[in-house]
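[1] Just to be clear, the model below is a prediction. Sequence and coordinates:
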Amino acid sequence: MTSTMGVAIIGGGLFVKGSHLPAVLECELFSLKAIYSRSLKSAQETANLIPDSVPQPDLYSEDSGAGKSYQDILQRDDISAVIIALPILSQPSFIEAALSAGKHVLAEKPIAKDVSAARALIANAQRICSSTKATLAIAENIRFFPSFAYAASEAAKLGKVHNFSVRVLWRIEPDNKWYNTTWRQKPDYQGGFLLDAGVHWAAATRLLLTGDENKPETVQAFTAQMCEHLPPIDTVNAIIKTQSGATGVFQNSAGSLLQAFEWSFSYEKGTIKIAGETVTVQPAGGEEHVKEFTRTNGVSEEVAAWAQSIVDGKVNPLQTPEQALADLEFVEKMFTSGDENGSTQKYELL
């Protein structure tokens with residue numbers, strides 16, 4: 001039986017409390033050794049969610065004094081891996097420090113604030129890991145949604161895409177829990193919620209554009225800010241052209257009163273539709289297959305896959321930095337096109 005690996009959680013935000021912490025506690029390959037947050041109060045609030053029956057982790061924070069800093073966690077021999085879930089602009093320096101200390105890293109998406117910063121991070125990580133033998137994985141939980149995993153496996157059987165439509169529309173109100181963090185209310189990065197959440201929908205769309213001929217080649221987009229409290233933009237409408245010449249529409253808004261979570265793809269051998277937790281596969285000339293999935297956020301599966309990849313000594317293909325970089329480019333090119341009144345942008349990394 002494989003012995004457990006010591007892991008630390010870096011961050012004490014909503015997603016850590018609601019998703020990362022339960023996923024780590026559920027993972028048989030991990031033993032939670034430490035929690036770090038900016039404040040001891042935040043670290044303690046996270047630790048308070050741990051059942052008494054589970055060994056309690058040590059707490060670290062910026063305000064805990066000597067011996068309780070982030071660097072002190074990285075010096076511990078009983079911790080071999082860290083999950084980093086911090087504000088977008090804070091993550092790269094924490095990632096590089098952990099890799100330099102020889103710790104395996106699972107860092108939350110997006111990989112960085114823009115493609116340029118992501119490229120720099122990947123280059124630095126490769127240089128560091130060549131000597132420390134640590135690994136960098138980027139968390140993108142939608143790739144581990146059972147519904148999208150099933151849809152992607154079916155899409156691979158249907159050949160060339162002919163046309164497609166993606167619609168992810170919702171409204172982030174000022175009282176939304178995800179809005180009530182300073183770094184999200186006043187983003188110092190492109191796209192606002194269209195970056196932070198948009199890379200999820202980029203990853204999901206790319207799962208359904210399997211094969212070289214289905215890869216996105218160009219995009220033209222228009223962007224807008226419909227809600228005053230959602231700078232710099234909250235809505236994007238884009239037309240994507242694939243390598244084969246097929247086109248599709250990508251609509252994403254965090255400022256709409258419409259509600260949609262829909263992927264509709266037509267291929268040469270059939271169609272796939274995802275609406276909420278329902279996936280419908282219709283082979284051309286064949287019988288329609290409808291599958292209902294239990295709602296999950298995929299984080300338990302994601303953390304388990306990461307733990308197994310450490311044991312195997314190789315980053316899971318669904319969690320590579322290059323996948324996350326491509327997700328980021330997918331939306332960044334839309335933002336650039338929107339800034340330039342719908343100019344054609346060519347994808348380079350997809």
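    Right, received. Where do you want to start? Numbers count the residues shown, from 1 in each chain.

[2] from here on, contacts and neighbour counts on C-alpha atoms
    Will do.

[3] just the strands in the stretch 51-200 of the chain please.
    For the stretch 51-200 of the chain, strands defined by DSSP state E, counting those that start in this stretch occupy the ranges 58-61, 81-84, 104-108, 136-139, 161-171.

[4] pLDDT (mean, whole number) over the third one?
    Along strand 104-108, the predicted confidence averages to a pLDDT of 98.

[5] Mind listing the strands that strand pairs with, and their directions?
    Note on strand 104-108: by DSSP bridges, its sheet partners are strand 81-84 (parallel), strand 136-139 (parallel).

[6] and the last one, how far out from the chain's middle?
    I take that to be strand 136-139. Centroid separation between strand 136-139 and its chain, computed with Cα atoms, centre = their mean, to the nearest Å, is 9 Å.

[7] how about that strand as CSV, C-alpha atoms only?
    C-alpha atoms of strand 136-139 as CSV (Å, rounded to 0.1, in the frame of the first residue of the first chain):
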residue,chain,number,x,y,z
LEU,A,136,3.9,21.9,-11.6
ALA,A,137,0.2,21.1,-12.3
ILE,A,138,-2.5,23.6,-12.9
ALA,A,139,-6.0,23.0,-11.5
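
[8] how about it: buried residues?
    Using 16 or more other Cα atoms under 10 Å as the test for burial, strand 136-139 gives 136-139.

[9] how about these in CSV, adding pLDDT?
    Converted to CSV, the buried residues of strand 136-139 look like this (pLDDT from 0 to 100):
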residue, pLDDT
L136, 98
A137, 98
I138, 98
A139, 98
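
[10] Out of the residues you listed, which is nearest to I79?
    Using Cα to Cα, L136 comes nearest to I79 of those, at 15.4 Å.

[11] List the contacts of the closest one.
    Residues near L136 by Cα atoms under 8 Å, 6 or more residues apart in numbering: 99, 104-107, 125, 315, 320-321.

[12] now A43
    11-12, 35-37, 59-61.

[13] ok, the residue positioned nearest the centre of the chain to L349 distance?
    Central residue of the chain (Cα atoms, centre = their mean): E140, 3.0 Å from the mean position. Using Cα to Cα, to the nearest Å, we find E140 at a distance of 17 Å from L349.

[14] of all the strands paired with strand 104-108, which lies closest to N297?
    strand 136-139 (12.0 Å).
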